[in-house]
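> Give me a 3D structure for the following:
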Amino acid sequence: MARDTRISKIRNIGIMAHIDAGKTTLTERILYYTGKSHKMGEVHDGEAVMDWMPEEQERGITITSAVTTCHWLNQTINIIDTPGHVDFTIEVERSLRILDGAVAVFCAVGGVEPQSETVWHQADKYRVPRIAFINKLDRVGADFHGAVDQIREKLGAQPLILHLPWGREETFRGTIDLIRRQAVTWKDETLGADMEFQPIPEDLREEADRFREKILETLSDLDETLLERYLGGEPIEPEHLLPIIRQGTNELKIVPVFCGAALRNKGVQPLLDGIVHFLPNPMDIPPVSGLNPVTKEMETRAARDDEPFAGLAFKISRDQGRKLTYLRIYSGVLKVGQEVLSPLKNTRERVARILRMHANKRDRIEESRAGDIVALIGLKSAATGDTLTDPAHPIILEAIDIYEPVISLAVEPRSSGQQDRVVELLEKMAEEDPTFRFRFDDDSGQIVISGMGELHLEVLVHRLEREYNLAVNVGKPQVVYRETILQPVDLSEVFDRELGGAHHQAQVSLRLLPNARGAGNQFLNLVPEETGPRPTIEAIEAAVHESFTSGVLQGYPVVDVQVVLTEARTTESQFSEMAFRVAASLAFRNGCLKARPILLEPVMKLEIIVPDEFLGEVIGDLNSRRGKIEQITPRKKIQQVKATAPLSQLFGYSTALRSASQGRAIFTMHFSHYSPATSTPAGGTGKP
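Okay, here's the model as predicted:
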């Protein structure tokens, strides 16, 4: 029972939102009020605990997800503060993969912004229960109910308002707790650490009663006992409501909504209460399942110490030259010196140290248990998404989805003889960040780095200079294109040669079919088993998958193509897997040449907030960039423009937008889809 009690007192949560919604500021307040920090760090001063990287402090944004642990109401809360910028969305993806719950922060002025939608749907994918915090209610233009309506309309969620704002903009002074029926204010002289409770003001009582009725109506749909008491007019105390809210939240039926102004130290403690009361502990979520690589059967691991050890490596980073492997432990116990197995790589390594992290600071511990989030030292081969298990009870858990890069830069060291060092450092960065790739360009002899956006690559280049004292020259950004085909084609190729004293002969027939955009590549075998032995089919499939990596037009990856193997023949005396591989590669390449190959370019989705008087200039500039306006929504004295445009036309767009709006318009951009390129890219340095 003691073990169950320990696990039930753990909350593994993430703080997620659009850029500049106040995630890191909120996290700093949480750390201060829980006693983890003794001073509030401010993002605008570059002193936030969780934004410890120099690039984060200079830019005032979160770039890498930071892990910390604090305590509230006798519960342990492991927090991951995630980035809000779309270029670093992999940090959100891999954090949500291993978290049990999340706090979604929304700006009361901006409401549900583009990256808010992205991270919300990422959480939907992993079925992560959420509570919402409407922040910045002290800002001009704050609209609490408008933000709640957007959560309902844009995100398809069922918001359950638990706290109403008391005042707005410059008159915002506190919140109305609808569960306990009281007004809450925070003392400025103690930086919001002390709260005062008082009766609900007379002018807010009617609104508070109305929204409390909505709470009871919503929860009555979730619990029959409450419905009977509600219809019978019985008094309903907070203790009766809290378990029902918790159950509804964990079943993804409702999203409890809190509010405040984190920068003004208002509204944070009720949110902490909500994290403890409503978000799940590791025992509340279903046991994780995975494939046993030995038996090839699916198995589960429950959040218990007496289960076999299993964990997921969700992040790799380097600290003082040492590799840190961040691990979520789902089951069992992990001790210093213990041997762990990576079933995907079939490697065994010993854990040298176990660390409990607080941003970039750390405490050594001797063991960790189910439900913990820790960092390990001593694992050389672990990578993002790897499962680590007890060697006697292997299991492979669901991996983490990795995004494909859309933009490239050519880099070269300024000093001669530094090429090998550049490659060594880029390998380390690629190990830390799965969305970052690099390769050598055969035409130019340069190293080409690829990532999720201009800011992503800019930060990586600055890290080379700052962390490793290695200056590099950087070329112009290049778009990462793709290739596909437009029409089906059937093709047979024969490979027949004498090599190394042996005759190699094989005939392979392929049918190439265009797939729907975004459907991906597929390989289908229609050769009967008696005429196509398994090693032969596997060799052909491997050759086809290898051919997908380089197209026939400019060598970009081939996407959205279905390849059907219709025939594979040879004579017994001349059987050769190599011959089948070569014949398959030839059939694929020549088939692509006859199937009307085209280039695809990445198209970005833009959301622009612009004052009324500059709307015409902004739309005109978008039209000149081959942009398509999808929607224009008036919001008081500003306009919200949603549009799409090719990435190749958007380099330097932030500067152009500032010029067109006298610096008053802002925009966000993220990848939308690939579509046929209307112009041919010059050169080859944009290949991924």
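
> Name the residues of the biggest strand by length in the chain that are buried.
Identified as the longest strand of the chain according to DSSP state E is strand 597-611. Neighbour counts over strand 597-611 (16 or more other C-beta atoms under 10 Å) mark 597, 599-610 as buried. From N, CA and C alone the C-beta is placed, and that goes for glycine too.

> who touches the helix or strand that it is followed by?
Next along the chain after strand 597-611, taking DSSP states H and E as the criterion, comes helix 615-624. Applying C-beta atoms under 8 Å, 6 or more residues apart in numbering, the set of residues contacting helix 615-624 from outside is 606, 608, 610, 629, 632, 639, 641, 643, 645, 656-657, 660-661, 665.

> One more: stretch 205-218?
The contact list for stretch 205-218 (C-beta under 8 Å, 6+ apart) reads 158, 160-162, 164, 176, 178-179, 181, 200, 226, 230, 236, 241, 254.

> Closest to residue 510 out of these?
Nearest to residue 510, judged by C-beta to C-beta, of the contacts of stretch 205-218 is residue 158 at 49.9 Å.

> mind listing what the nearest residue to that closest one once chain neighbours are set aside touches?
In space, and not counting its chain neighbours, residue 158 is closest to residue 254: 4.9 Å by C-beta to C-beta, 6 or more residues apart in numbering. Residues counted as contacts of residue 254 (C-beta under 8 Å, 6+ apart) are 158, 159, 160, 218, 222, 245, 248.

> Quick one: buried ones out of these?
Buried subset of the contacts of residue 254 (neighbour count, 16+ other C-beta under 10 Å): 159, 160, 218, 245, 248.

> Who wins on neighbours among the contacts of stretch 205-218?
The most neighbours of any of these, using other C-beta atoms under 10 Å, belong to residue 162, which has 28 neighbours.

> Determine which two of the contacts of residue 254 are furthest apart.
Farthest pair in the contacts of residue 254, by C-beta to C-beta: 159 and 222, 14.5 Å.

> about what we covered before: out of the buried ones among the contacts of residue 254, who's nearest residue 673?
Nearest member of the buried ones among the contacts of residue 254 to residue 673, counting by C-beta to C-beta, is residue 159, at 29.8 Å.

> need the contact list for that closest one.
Neighbour list for residue 159: 132, 148, 151, 152, 254, 255, 257 [criterion: C-beta under 8 Å, 6+ apart].

> which residues of the stretch 251-400 of the chain score low on pLDDT?
Low-confidence segments of the stretch 251-400 of the chain (pLDDT under 70): 360.

> can you pull the pLDDT of residue 56?
Residue 56 is assigned 47 on the pLDDT scale.

> oh, I was asking about residue 50
pLDDT recorded at residue 50 is 50.

> Repeat that for the one 3 residues further on.
For residue 53, the pLDDT comes out at 49.

> now the buried ones among the contacts of residue 254 in a markdown table, with secondary structure, pLDDT and distance to residue 171?
What follows is those, written out as a markdown table (DSSP: H, G, I helix; E, B strand; the rest coil; pLDDT from 0 to 100; distance: C-beta to C-beta, whole Å):
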| residue | secondary structure | pLDDT | distance to residue 171 |
| --- | --- | --- | --- |
| 159 | strand | 97 | 24 |
| 160 | strand | 97 | 25 |
| 218 | helix | 96 | 29 |
| 245 | helix | 97 | 29 |
| 248 | helix | 97 | 33 |
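
> Take the residues you listed and write them to JSON lines, including distance to residue 379.
As requested, the buried ones among the contacts of residue 254 are exported to JSON lines (distance: C-beta to C-beta, whole Å):
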{"residue": "159", "distance to residue 379": "42"}
{"residue": "160", "distance to residue 379": "42"}
{"residue": "218", "distance to residue 379": "47"}
{"residue": "245", "distance to residue 379": "40"}
{"residue": "248", "distance to residue 379": "40"}
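
> coming back round to it: of the contacts of residue 159 - the most surrounded one?
Neighbour counts for those peak at residue 132, which has 30 neighbours (criterion: other C-beta under 10 Å).

> Wait, a strand at it?
Yes: judged by DSSP: H, G, I helix; E, B strand; the rest coil, residue 132 forms part of a strand.

> doesn't residue 257 make contact with it?
Yes: counting by C-beta atoms under 8 Å, residue 132 touches residue 257, with 4.7 Å between them.

> Find the residues that touch each one of these two.
Both residue 132 and residue 257 are contacted by 151, 159, under the criterion C-beta under 8 Å, 6+ apart.

> Now name the helix or strand holding the residue lying closest to residue 654 once chain neighbours are set aside.
Nearest non-adjacent residue to residue 654, counting by C-beta to C-beta, 6+ apart: residue 667, 7.3 Å away. Assessed by DSSP H and E, residue 667 sits inside strand 666-676.
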